[in-house]
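Asks: kindly return the folded structure for what I paste below:
(one chain, ligands or ions: 2)
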Amino acid sequence: MKRDALVFYSPVDDPEAWREALSAELPDLDFRVDPDVGDPATVDYALVWVPPSGFFQRFPNLKLVTNLGAGVDRLVRRDDLVPVPISRLSDPGMVAMMTSYVVFAVTRYARDIHIFERAQRRGEWHYVHPRPLSEIKVGVLGLGELGGPAAKTLADMGFDTYGWSRTQKTIPRVTCTAGAQAFEEILRTCEILVCLLPLTPDSRGMIGARELALMPKGAKLVNASRAAVIDEAALIAALRSGVVGEATLDVFDIEPLPAGHPFWTLDNVLITPHLASITVPKLAARDVAESIRRVRRGEPPLHAVDAQRGY
Ligand code: NDP
Ligand code: OXD
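Replies: Ligands and ions are numbered 1, 2, ... in the order given. Predicted structure coming up:
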């Protein structure tokens with residue numbers, strides 16, 4: 001009897017780590033690494049990160065595509081996608097990692113650490129009286145699998161926390177709002193704003209010069225989702241003029257961020273190289289395997305993506 005087969009493709013993930021992690025969950029799965037796929041007609045599932053153009057059309061009997069990451073912006077707009085369920089990664093390790101990044105970036109500003117870093121470089125003892133966290137308004141744009149837990153953790157820490165999403169959410173101690181009208185309000189309200197919105201046709205360029213100017217003067221911005229949600233040129237101008245005081249950026253229009261890019265020269269920008277959250281195969285394999293089991297039973301996978309909506 002034919003075993004179910006999965007094709008793996010990723011220029012950045014370790015196939016052997018995934019083979020080991022998935023075999024532990026699904027010992028009967030035939031794990032094939034592209035280009036060693038055998039007969040493409042016998043491949044049932046694809047576990048992929050930005051495969052080359054035309055990839056999916058090679059496999060006429062695919063039943064599930066799983067994106068080897070949370071963001072599907074580079075998957076859903078492809079013209080070679082086949083009409084099968086799409087799933088993205090999500091696991092408690094990924095959520096914990098993103099939450100730790102957001103907590104770090106927000107706390108660094110809330111506790112004036114960025115000011116002390118500069119003072120230390122000058123060799124100065126520079127006292128700034130700490131403010132209670134309850135007086136610091138922090139906003140999280142996007143309350144999904146990563147944004148929701150990050151907002152909840154900030155609220156649990158005592159920040160005055162606001163969250164915004166497309167549809168209304170309820171998160172304990174977080175003032176949640178939704179929809180286009182509430183967008184300007186959260187921009188005006190929060191002195192620290194965290195972007196965890198997926199990149200979709202709707203969210204591309206959602207924060208431009210006008211939106212940045214709505215924020216309290218000198219506000220701090222943290223972007224850990226996708227760069228193109230924020231107009232990069234407008235952000236650079238706002239950081240230079242002081243409209244935006246500080247930014248922590250994990251994602252960029254071009255990655256790796258090229259030498260000579262203006263962000264490298266801005267003292268009020270903290271750059272991290274797209275690692276706010278990563279996937280550990282051992283932790284993520286459980287849900288990937290469960291999605292395969294569900295698809296075998298004719299059910300939708302876990303962490304299903306709506307390709308039309310874009311996330
Ligand atoms: P989800 O898809 O789970 O959630 C997305 C959230 O954004 C939802 O709350 C959704 O609202 C909201 N949203 C989407 N579009 C809009 C819109 N137009 N207006 C208002 N709200 C909107 O995403 P995750 O939380 O899992 O991840 C967010 C992003 O983080 C990923 O798409 C990826 O790009 C990025 N990422 C970055 C990593 C890094 O290392 N830097 C690592 C992993 C992910 P609703 O629920 O109402 O539909
Ligand atoms: C992701 C990412 O989308 O790493 O998972 O950015």
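Asks: could you point out which element follows the strand or helix carrying Ser100?
Replies: Taking DSSP states H and E as the definition, Ser100 sits inside helix 92-110. Later in the chain than helix 92-110, the nearest helix or strand by DSSP H and E is helix 113-122.
Asks: so what touches that next one?
Replies: Thr107, Arg108, Trp125, His126, Val128, Glu246, Asp267, Asn268, Leu270 (Cβ atoms under 8 Å, 6 or more residues apart in numbering). Where you see a C-beta, it was placed from the backbone N, CA and C, and this is true even at glycine.
Asks: the helix holding Ser100: which residues count as buried?
Replies: For helix 92-110, a neighbour-count test (16 or more other Cβ atoms under 10 Å) marks 93-95, 97-99, 101-103, 105-110 as buried.
Asks: quick one: secondary structure of the residue of the stretch 51-200 of the chain at minimum distance from ligand 1?
Replies: Of the residues in the stretch 51-200 of the chain, the one nearest ligand 1 is Gly144, at a distance of 1.7 Å by Cβ to the nearest ligand atom. When classified by DSSP: H, G, I helix; E, B strand; the rest coil, Gly144 comes out as coil.
Asks: next, the angle from the helix holding Ser100 to helix 113-122.
Replies: Angle, helix 92-110 to helix 113-122, by axes from the mean of the first three to the mean of the last three Cα atoms, to 10 degrees: 60 degrees.
Asks: quick revisit: of the contacts of helix 113-122, select the buried ones using a PyMOL command.
Replies: In PyMOL, this line selects whichever of the contacts of helix 113-122 come out buried by 16+ other Cβ under 10 Å:
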select buried, resi 107+108+246+270
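Asks: can you tell me the element Gly260 falls in?
Replies: Under DSSP H and E, no helix or strand contains Gly260.
Asks: can you tell me what sits against stretch 213-220?
Replies: If you take Cβ under 8 Å, 6+ apart as the criterion, stretch 213-220 is touched by 109, 184, 187-188, 190-193, 221, 238, 242-248.
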